[in-house]
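Peer 1: Sequence isn't available, so here's the structure alone:
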């Protein structure tokens, strides 16, 4: 086990490998007291990273057994992005660039249909705020700034599909187009892009006065 890991991380790593362990087992593996183990377990349980079950014993009190919660499992590295990129490259090799464009456009259309019901009856400002809220729920860490009554700036500090966007710029174009359709804006322009080595993705959004209320 990596000695540079914190005790909390060591516990998480052990539970990932062993699936479930008792306080006594953790104490022996970590070389610390059971009291110290319980202190760390209490913190992990408070953060909803553990599940606790009780196993009946022939004598005495039931034995507490600790395991990782689904939330804790999300802390461990996943390779979904790289696998997705590899699949897309394979599809491109087999069927050409057109199949990639089709798939990304299909995803964009699905997003548009999902987002649009949230925009009904909203003003331009409310639409932009709602779009930012939806994007934040998907991990984009988005902010919005009002420039004037018709103009807004959206900044996304994170890109959950960065690995795909870096390889297939069509993904960025589809997102920009989807924003324009969902907002009903006259103009949505991507000013900076993480896939082009920018620090963030920044969008300029311009509304026509007549389109500011979607009835």
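Peer 2: Alright, I've got the coordinates. Bear in mind that the values here come from a model prediction, so they are computed numbers and not experimental data.
Peer 1: Tell me which residues are up against the helix or strand bottoming out on mean pLDDT in the chain.
Peer 2: None of the helices or strands of the chain scores lower by mean pLDDT, DSSP states H and E than helix 70-73, at a mean of 90. Helix 70-73 is contacted by residues 12, 15-16, 44, 48-50 when judged by Cβ atoms under 8 Å, 6 or more residues apart in numbering. Heads up, the C-betas are built off the backbone N, CA and C, glycines and all.
Peer 1: Helices of this structure, start to end?
Peer 2: 7-18, 23-30, 34-46, 70-73, 80-95, 97-115, 124-137, 162-167, 170-183 (DSSP state H).
Peer 1: Which of the ones you listed has the lowest mean pLDDT?
Peer 2: Lowest mean pLDDT within those: helix 70-73, a mean of 90.
Peer 1: Mind listing what's buried along that helix?
Peer 2: Within helix 70-73, the residues that count as buried by 16 or more other Cβ atoms under 10 Å are residue 72.
Peer 1: Name the nearest residue to residue 81, sequence neighbours excluded.
Peer 2: Distances taken as Cβ to Cβ, 6 or more residues apart in numbering place residue 163 nearest to residue 81, at 3.7 Å, with adjacent residues excluded.
Peer 1: check contacts around residue 42.
Peer 2: By Cβ under 8 Å, 6+ apart, residue 42 has no neighbours at all.
Peer 1: and what of residue 146?
Peer 2: Counted by Cβ under 8 Å, 6+ apart, residue 146 has contacts 125, 152.
Peer 1: Nearest to the spatial middle of this structure, which residue is it?
Peer 2: residue 139 (3.8 Å; Cα atoms, centre = their mean).
Peer 1: Quickly note the distance from that residue to residue 153.
Peer 2: 20 Å (Cβ to Cβ, to the nearest Å).
Peer 1: backbone phi and psi for residue 5, please?
Peer 2: Residue 5 adopts backbone torsions of phi -70, psi 150, taken as degrees, to the nearest 10.
Peer 1: How about residue 74?
Peer 2: Per degrees, to the nearest 10, the backbone of residue 74 is at phi -70, psi -20.
Peer 1: Let me know whether residue 76 touches residue 16 as I believe.
Peer 2: Yes. At 6.3 Å, residue 76 counts as touching residue 16 under the criterion of Cβ atoms under 8 Å.
Peer 1: out of those two, which sits in the busier spot?
Peer 2: Taking neighbours as other Cβ atoms under 10 Å, residue 76 and residue 16 compare with residue 16 leading, 14 against 10.
Peer 1: now the contacts of helix 70-73 in a markdown table, with distance to residue 92?
Peer 2: What follows is the contacts of helix 70-73, written out as a markdown table (distance: Cβ to Cβ, whole Å):
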| residue | distance to residue 92 |
| --- | --- |
| 12 | 38 |
| 15 | 40 |
| 16 | 35 |
| 44 | 43 |
| 48 | 41 |
| 49 | 39 |
| 50 | 43 |
